[in-house]
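*Asks:* Give me a model of this one.
(one chain, ligands or ions: 1)
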Amino acid sequence: EQRAAEEIVRVMNAAINDRGICFVALAGGETPRHCYRHLGMDPLKDRVDWSRVHLFFSDERPVPPNDSQSNFGMVERSFILLIDIPRHNVHRIKGEIDIAVAAEEYERELRTAFGKRPLQFDLVLLGIGEDGHTASIFPGTDGVEEKTALVRPVVDPDQNIRRVTLTFPIINGAREILFLASGKRKAPIVQRVFGTTESTKDLPASMV
Ligand code: 6PG
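*Replies:* Sure, this is the predicted structure:
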């Protein structure tokens, strides 16, 4: 996790050196938690000028930020509360409101934050599910086919709940993409997705 955190800091500082600002989309789920903790601790936390970093989220569940299932809540507790970052640089998906409205609002907030700059994240962090999903783009769902919206409501077929997710148009446009996966359980899907060059709709992570 520390190496991943160091790589994240390297990419952020390269963006800040080159363009004076950095846009990052953060993965949710459990895997990134320990990596994010390193971002909020010495020595890494003081290596970044957080006032130049804009933090976004790759997806969110239909819950308020203080819910144990909230991706924002996990990230906030892991490092956002520990760093000196302006609140307006942290762009939360509002999981507590109607998911379609939250997606629309988030796309507007994203476009506003980028302003006249190209709509291109400097870094997108992604996890991978054992079914090959990434962000909240699940196999066999309409999120896989999305070609225009940058943010959209989707369905998580396993939990049968709606979520908000960044889509391939914005994910695949990123300068750098970092997948975070750990544990034996993930080895088979990591092998399936990264072991070949094939890109298949059955494995959304392979379409990144
Ligand atoms: C989420 C994530 C999702 C996650 C994978 C892996 O909201 O859950 O965006 O894509 O990265 O499901 O989750 P774990 O890290 O918990 O295994």
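
*Asks:* need the residues of the protein near the ligand, please.
*Replies:* Within the chain, the positions adjacent to the ligand are 27-31, 58-59, 71, 127-129, 133-136 by Cβ under 6 Å from any ligand atom. In short, each C-beta sits where N, CA and C put it, glycine included.

*Asks:* So which of those is surrounded by the most neighbours?
*Replies:* Ala135 (33 neighbours; other Cβ atoms under 10 Å).

*Asks:* ok, that one touching Ser58?
*Replies:* Yes - using Cβ atoms under 8 Å, Ala135 is in contact with Ser58, at 4.2 Å.

*Asks:* Mutual contacts of these two, please.
*Replies:* Ala27, Leu126, Thr165, Leu166, Ile171 (Cβ atoms under 8 Å, 6 or more residues apart in numbering).

*Asks:* wait, which of those is closest to the ligand?
*Replies:* Distances from the ligand to the shared contacts of Ala135 and Ser58, taken as Cβ to the nearest ligand atom, are shortest for Ala27 (4.9 Å).

*Asks:* Let's see the pLDDT reported for that closest one.
*Replies:* Ala27 is assigned a predicted lDDT (pLDDT) of 98.

*Asks:* Also Gln159?
*Replies:* Gln159 is assigned a pLDDT of 88 by the prediction.

*Asks:* Quick check: it vs Met207, distance?
*Replies:* According to Cβ to Cβ, to the nearest Å, Gln159 and Met207 sit 22 Å apart.

*Asks:* More neighbours: those two, which one.
*Replies:* Met207 (17 against 12).

*Asks:* Apart from its neighbours in sequence, what residue is nearest the more buried one?
*Replies:* Closest residue to Met207 apart from its sequence neighbours, by Cβ to Cβ, 6 or more residues apart in numbering: Ser199 at 5.1 Å.

*Asks:* The one you found - how many residues pack around it?
*Replies:* For Ser199, the count of nearby residues is 12 (other Cβ under 10 Å).
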